[in-house]
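Give the three-dimensional model of this entry:
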Amino acid sequence: MKLRSLSPIQVEAHLENGLALESGPFTFTVRGRYAVLRDSLHLLYADHPILSADSFVDFPVSLRAPNPLRRIFRPQVQFYFDQHRPFYPLPADQAFASFEWGLNWVISNHAHRFIILHAAVLERRGHALVLPGEPGAGKSTLCAALMMSGWRLFSDELTLIDPPSGNAFPLCRPVSLKNASIEVIRSCFADATLGPIVDATSKGRVTHVKPTEASVAKMDTPAPIAWIVFPRYEEGAPTRLNPRSKAESFLEVAKNAFNYSLHRQQGFEVMRRVVSGADCYHLSYSDLEEAMARLEALPLPEPVEPEIESLPR
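Got it, this is the predicted structure:
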């Protein structure tokens, strides 16, 4: 059963006891009494499967007031993971954003069966495109635009790499947009479903874009990584897609990994194999359509000798 089959009142009832959802390789429950949380989940997770109450759950999370007074006076929301509070409370209108940010933190700090990169990832023609980028680089805008143009969304934030295979695994959840990128996506894609816009967060003005139904339907299907592209939005800049050395790309990808060091030599070997088998580029752009066209035209990589040597055993 999909979440869209429930009414908002039924979603609210599930949230009382724990709404159990599946996203890629993980299951989680969420509890909370915030209307914005209920309505955003109902809208943006509409195509996700609901799990039975007795299902195994990887990540139990809840959103509630830090103390009873905060339900009435300047309402706040506190993110809890298994009764722990990893963050300071936020204004109550940020309940859904707090859930999304908190779940990213939970996964990146606990899902160590994967090597986890801070990077967007999508799939086309059976192969994955990884987009590492610092805040402001434009990766989430590019990710949302590619998803709305037919690419299969894996994640706008976390790339999950399976060490034995080197494949990327989907973690299909809403795409986070902030500030100017909100209007860019809304104006370019009339069929994009956006959640409530929240102002004055720590990241500015934020909202989320619903994953496409096709992306959610195949969120159990991994893909080999064919391209690693480092995007950079530069106002007024011409679109340039230039090859980047694999040694340099390896260092940058490792820098964007949350748990690379925990995997030790295995982590090095997996990332060496992934980067060696992918084509690596730097993308600078100001025109979103041109940038997307360049990525659509990327050829599949040819087998080459690794530029990065294996560690001695």
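
Now do residue 194: how many residues are near it, please.
By other Cβ atoms under 10 Å, 19 other residues sit near residue 194. For every residue, glycine as well, the C-beta is placed using N, CA and C.

so how far is residue 135 from the closest residue to it other than its chain neighbours?
Nearest residue to residue 194, sequence neighbours excluded (Cβ to Cβ, 6 or more residues apart in numbering): residue 207, at 5.2 Å. Between residue 207 and residue 135 the distance is 16 Å, computed by Cβ to Cβ, to the nearest Å.

the more surrounded of those two?
Set side by side, residue 207 and residue 135 show more neighbours around residue 207, with 22 against 10, by other Cβ under 10 Å.

List the buried residues in the helix or strand containing that one.
Following DSSP states H and E, one finds residue 207 within strand 204-209. The neighbour-count check on strand 204-209 (16 or more other Cβ atoms under 10 Å) flags 205-209 as buried.

Just send these back as TSV, with distance to residue 176 and pLDDT too.
Shown next, in TSV, are the buried residues of strand 204-209 (distance: Cβ to Cβ, whole Å; pLDDT from 0 to 100):
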residue	distance to residue 176	pLDDT
205	12	96
206	7	97
207	8	97
208	6	98
209	8	98
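
shaky segments in the protein?
The model of the chain has pLDDT under 70 over residues 69-72, 303-313.

Which positions in the lengthiest helix in it come out as buried?
Using DSSP state H to define each element, the chain has its longest helix at helix 95-110. By neighbour count on 16+ other Cβ under 10 Å, the buried set for helix 95-110 is 95-104, 106-108.

Which elements pack onto that helix?
Contacts defined by 3 or more Cβ pairs under 8 Å, 6 or more residues apart in numbering; DSSP states H and E place helix 95-110 against strand 26-32, helix 35-44, strand 59-64, strand 76-81, strand 115-124, strand 158-161, strand 204-209.

For residue 1, find the nearest of the ones you listed.
When the helices and strands packed on helix 95-110 are compared by Cβ to Cβ, helix 35-44 sits nearest residue 1, at 13.6 Å.

That closest one versus helix 95-110: what angle between them?
Counting by axes from the mean of the first three to the mean of the last three Cα atoms, to 10 degrees, helix 35-44 lies at 70 degrees to helix 95-110.

Packing partners of helix 35-44?
Other helices and strands packing on helix 35-44, by 3+ Cβ pairs under 8 Å, 6+ apart, are helix 8-17, strand 26-32, helix 95-110, strand 204-209.

hmm, 6 Å instead?
Applying 3 or more Cβ pairs under 6 Å, 6 or more residues apart in numbering; DSSP states H and E, we find helix 35-44 packed against helix 8-17, helix 95-110.

Leaving out sequence neighbours, find the closest residue to residue 96.
Nearest non-adjacent residue to residue 96, counting by Cβ to Cβ, 6+ apart: residue 40, 3.8 Å away.

and if you look at residue 2?
Nearest to residue 2 is residue 47, by Cβ to Cβ, 6+ apart, at 5.8 Å.

Roughly how far does the one you found sit from residue 4?
Look at residue 47 and residue 4: by Cβ to Cβ, they are 7 Å apart.

how long is stretch 279-292 end to end?
17 Å (Cα to Cα, to the nearest Å).

So which bits of that stretch are buried?
Neighbour counts over stretch 279-292 (16+ other Cβ under 10 Å) mark 279-285, 288, 291-292 as buried.

Pull the distance from that stretch to the chain's centre.
Averaging C-alpha positions (Cα atoms, centre = their mean, to the nearest Å) puts stretch 279-292 20 Å from its chain's average.

Same question for stretch 198-210.
15 Å.

what comes into contact with that stretch?
44, 93-94, 97, 144, 174-179, 182, 192-195, 197 (Cβ atoms under 6 Å, 6 or more residues apart in numbering).

is residue 241 in a bridge, and if so with what?
Using DSSP bridges, the beta-bridge partners of residue 241 come out as residue 283.

same question but for residue 228, I mixed them up
Per DSSP bridges, the residues bridged to residue 228 are residue 130, residue 280.

Just give me the neighbour total for it.
27.

same deal with the one 5 residues further on?
For residue 233, the tally of surrounding residues (other Cβ under 10 Å) stands at 20.

likewise residue 203?
By the criterion of other Cβ under 10 Å, residue 203 has 12 neighbours.

now that we're looking at residue 28, how far away is residue 43 from it?
18 Å.

Can you list the buried residues in stretch 36-53?
36-48, 50-51.

What separation do you get for the residue nearest to residue 194 and residue 40?
Per Cβ to Cβ, residue 207 is found 9 Å from residue 40.

Same check on residue 49?
Distance from residue 49 to residue 40, by Cβ to Cβ: 18 Å.

got it, and residue 201?
From residue 201 to residue 40 the distance is 14 Å (Cβ to Cβ).

Alright, calling it a day.
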